[in-house]
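Visitor: let's see this in three dimensions:
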Amino acid sequence: MERGSTRRSSGFTVQGMLTKGYVALFAQPLNRPAILGCVDLWLENFERVEQLMPGPSGAATLAITAGGDIMWAEHMEFRILHGDDFTWVYVSENAFVMETSGDPHEDNILPLGAVVELPGVIEVIHQNDDRRLDELEAKGLI
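Guide: As a prediction, this is how the structure comes out:
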């Protein structure tokens, strides 16, 4: 994957605000069954899961209530909501990483909570750890 298109959370702002985010590194590339497993865990653990509709739809989201609701595309964005907090999750098929970004306030644990216990995660890296992210990029994992 190319840096910049996939490292959305690192050094970027969302709608003019700073974000808090993480990059989750997986042992294997994310295929459809692996992504489906992640979505199933989100549905079990969080109040609401939405998917940004792929294509030129703008900012429209679709509520995901079961794995069959996923609109499969090479690059997908999900929004996980729990209470007043949310995080965006960026995932691409066949990628080794999944990224999150959310409101940077101290109490918002969703950017980390959305990925830390997913099956196959071998490391979670803070978006500001440029040294480690550069290492992963040099290995072709980002």
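Visitor: distance of the residue most central in space within the chain from Lys139?
Guide: Compute the mean C-alpha point of the chain, and by Cα atoms, centre = their mean the closest residue is Val89, 2.3 Å away. Val89 sits 22 Å away from Lys139 when distances are taken as Cβ to Cβ, to the nearest Å. Glycine gets a C-beta too; all of them are placed from N, C-alpha and C.
Visitor: Phe46 - how many residues pack around it?
Guide: Neighbours of Phe46 under the rule other Cβ atoms under 10 Å: 18.
Visitor: that one: what's it in contact with?
Guide: Contact partners of Phe46, counting by Cβ atoms under 8 Å, 6 or more residues apart in numbering, are 80-82, 110, 114.
Visitor: mean confidence score for the strand or helix carrying Tyr22?
Guide: Element membership of Tyr22 [criterion: DSSP states H and E] is strand 20-26. Per-region confidence: strand 20-26 scores 93 on mean pLDDT.
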